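[1] following is a predicted model, sequence given first.
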Amino acid sequence: MSGAGLRTATGDQHLARAAAQLPGRAPRLGRPISWGQAPAASDDRPITLAVPPRRTRTSSEETGSQMSVTPVPTADLYDEHGESLAICATGFRQFGGRRLFAGPVRTVRCHEDNALLRTLLHTPGEGAVLVVDGGGSPRTALVGDLIAGAAEANGWAGLIINGSVRDSVALGGPDLGIKALGTVPRKSGKTGDGAVDEPVTIGDVTFRAGDTVHADDDGVVVLPR
C-alpha cells in the first residue's frame, strides 16, 4: 500500500494491519476488544487476537495462566550480580502508580505510531513488562490514560517506553509501572507500522522477549541469562 493509501485507509484497515503484525495465527471473528471508548461506525467489527506462547527464562511464580516475577530493588540486584547485571543508561521518568515492577520482557518497536502498541496491550499481558522502542521521539505520545487503563485491565505489569506519554497525571492512577522519557500532548499516528518481540536496544541494553526486567526509582535492569 502506498503512503497516500495509508493516510486515507479506514479505521478497520488500520486495526487489521496492526493486528497482522502480532505473532501467532491471524485475527478471527469472535469476542470484541474494549478500547475504552465507543467505537466509530466503521470500527464495529469484533476481533480476537491470538496470543503467542510465553517464554520463561528466570525463576518466577506461576498460578494458572498468570505468571508473576517478584520485583526486587535494582540496587539490591546490583549488589547480588555486580557487573553481570545489564543496567539501562537511559534516564527514564516515573509515571505509573506502581513504582517498583518486574516481569518477563515483551517488546514492540514503533516510531511515532501507537496502533500496534495499543493492539498488543489489549491482549492478556500475564504479568509481562512491555518494552517500547519509540526511537526516543519527543514529538508524539505513544501512551495515554486509555491505553494505560487497558494494559492494567489485561494484566500487564508495566511499560518501559523509549518515547513520550501524555495524560501524565492520570497515568499515576492505574496499578501499572510506567517509565518514559517525557511528556507531550500530541497524539501519535495509527498506521500500525512496527514489529513485535524483536530485540530492541535502549541505553546500551538489548531487551529480548523472555528476558526478565526489574524497574524502580533507581533505574531499569535486566537479569543475566
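    Received it, and whenever you're ready, just let me know what you need.

[2] contacts only, for Cys110.
    Contacts for Cys110 (C-beta atoms under 8 Å, 6 or more residues apart in numbering) come out as Leu116, Leu117, Val132, Asp133, Gly134, Leu142, Asp193, Gly194. C-beta coordinates here come from the backbone N, C-alpha and C atoms, glycine included.

[3] taking those together, which two end up most distant?
    Val132 and Asp193 (13.5 Å; C-beta to C-beta).

[4] which one of these two is surrounded by more residues?
    Counting neighbours by other C-beta atoms under 10 Å for Val132 and for Asp193 shows that Val132 has the greater number, 28 against 17.

[5] after the helix or strand where the more buried one lies comes which helix or strand?
    Using DSSP states H and E, Val132 sits within strand 129-133. Scanning forward in sequence from strand 129-133 by DSSP H and E, the next helix or strand is strand 141-143.

[6] who are the packing partners of that next one?
    Counting by 3 or more C-beta pairs under 8 Å, 6 or more residues apart in numbering; DSSP states H and E, the packing neighbours recorded for strand 141-143 are strand 158-165, strand 177-183.

[7] wouldn't Gly103 be in contact with Gly158 here?
    Yes. In this structure, Gly103 is within contact of Gly158 by C-beta atoms under 8 Å, at 6.7 Å.

[8] what is in contact with the two at once?
    Counting by C-beta under 8 Å, 6+ apart, the residues touching both Gly103 and Gly158 are Val129.

[9] just want to know which of these two has more residues nearby.
    Just comparing Gly103 and Gly158: by other C-beta under 10 Å the higher neighbour count belongs to Gly158, 30 against 26.

[10] got a list of what the more buried one touches?
    Contact partners of Gly158, counting by C-beta under 8 Å, 6+ apart, are Gly96, Arg98, Phe101, Ala102, Gly103, Val129, Leu130, Leu176, Gly177, Ile178, Lys179, Ala215.

[11] what sits closest to Gly173 if chain neighbours are left out?
    Nearest residue to Gly173 in three dimensions, chain neighbours excluded: Gly97, at 5.8 Å (C-beta to C-beta, 6 or more residues apart in numbering).

[12] ok, now Val129?
    Closest residue to Val129 apart from its sequence neighbours, by C-beta to C-beta, 6+ apart: Gly103 at 4.1 Å.

[13] now do the helix or strand harbouring the one you found: distance to the chain's middle.
    Gly103 is located in strand 101-109, with elements delineated by DSSP H and E. Centroid separation for strand 101-109 versus its chain: 7 Å, with C-alpha atoms, centre = their mean, to the nearest Å.
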